[in-house]
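1. got a structure for you, letters missing:
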C-alpha cells in the first residue's frame, strides 16, 4: 500500500509555495513520510491527466466529477482501477475497512 500526495493551489490558495516549500511544511507540521509530488491542478481545463482519470472513474456521491476541496482521496487498486472516492473530511481510519477489503484482507 502507498499513500501519494499531490498538492494543489485551487482551493482557497492554500498551497501558494514552491514544491520544496510545500514538502518542507508538510514534513515539519504533519510529519509526512509518503511521496509528495509536484503541485498540480485537479479541476478545470488544466487538470492533470491523473485527476481527469480519477474524477471520471469515481464521481462524487452527488454525481459531480469536480473535486470540491483539498484532501479528496481515491482508493486505487494495484491494477489502477479506482475502487472508491472519499471526501475531504474522511479520515484514514474511516478508509481502513475499504483498504483491508481492497488488499484482500476483509
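-> Happy to help now that I have it. Predicted model only: the values in this text are computed from it and were never measured.
2. can you give me phi and psi for the spatially most central residue of the chain?
-> Nearest to the mean C-alpha position of the chain, by CA atoms, centre = their mean, lies residue 73 at 4.0 Å. The phi and psi values for residue 73, taken as degrees, to the nearest 10, are phi -130, psi 150.
3. Quick check: phi and psi at the nearest residue to it once chain neighbours are set aside.
-> Take residue 73 and drop its neighbours on the chain: the residue closest to it by CB to CB, 6 or more residues apart in numbering is residue 86, 4.1 Å away. All C-beta spots, glycine's among them, are computed from the backbone N, C-alpha and C. Residue 86 has phi and psi values of phi -130, psi 150 when expressed as degrees, to the nearest 10.
4. Residue 86 reaches residue 72, doesn't it?
-> Yes. The pair residue 86 / residue 72 is scored as a contact, 7.0 Å apart, by CB atoms under 8 Å.
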